[in-house]
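Trainee: Got a predicted model here, sequence first, then my questions.
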Amino acid sequence: MTATINRILKAAAGSVLSVEPLNDPDVQEFRMNICRSCGKFDPSDQTCTVCGCFMDVKTTLLTNRNPKRWGRVEQTHCPDGRWNDKEIANYYRQLDGKPVLP
């Protein structure tokens with residue numbers, strides 16, 4: 001039952017949050033490997049405990065809608081800057097009034 005619910009939620013997230021697909025399997029694999037090695041990754045449902053996203057969906061997107069920011073369209077990034085995207089993460093952190101990453 002839980003696996004079915006997760007599949008439905010992932011499909012919904014992919015269709016609702018997706019703005020522009022990445023379509024680059026190498027980048028997707030790079031991102032997922034980083035996520036899997038992160039202590040903030042929940043392997044039971046493949047979600048990030050920081051942003052709450054299904055990472056097997058998020059890693060495939062170039063841009064996405066952030067559900068925590070009223071659907072704001074963002075360049076897809078790791079909120080902790082772990083995808084070699086600290087500059088992008090800091091841009092959104094500044095917009096949201098959060099401290100920037102060192």
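Mentor: On my side now, so go ahead. Numbering: from 1, shown residues only.
Trainee: which stretches of this protein aren't confidently modelled?
Mentor: Residue ranges of the chain with pLDDT under 70: 1, 3, 5-22.
Trainee: Could you check how far residue 56 is from residue 85?
Mentor: 18 Å (Cβ to Cβ, to the nearest Å). Just so you know, the C-beta spots here come from the backbone N, C-alpha and C atoms, and that holds for glycine as well.
Trainee: now do residue 60
Mentor: Look at residue 60 and residue 85: by Cβ to Cβ, they are 15 Å apart.
Trainee: Comparing these two, which shows the higher neighbour count?
Mentor: Taking other Cβ atoms under 10 Å, residue 60 and residue 85 do not tie; residue 60 has more neighbours (20 against 17).
Trainee: neighbours of residue 71, just the number please.
Mentor: Residue 71 - counted by other Cβ under 10 Å - has 13 other residues nearby.
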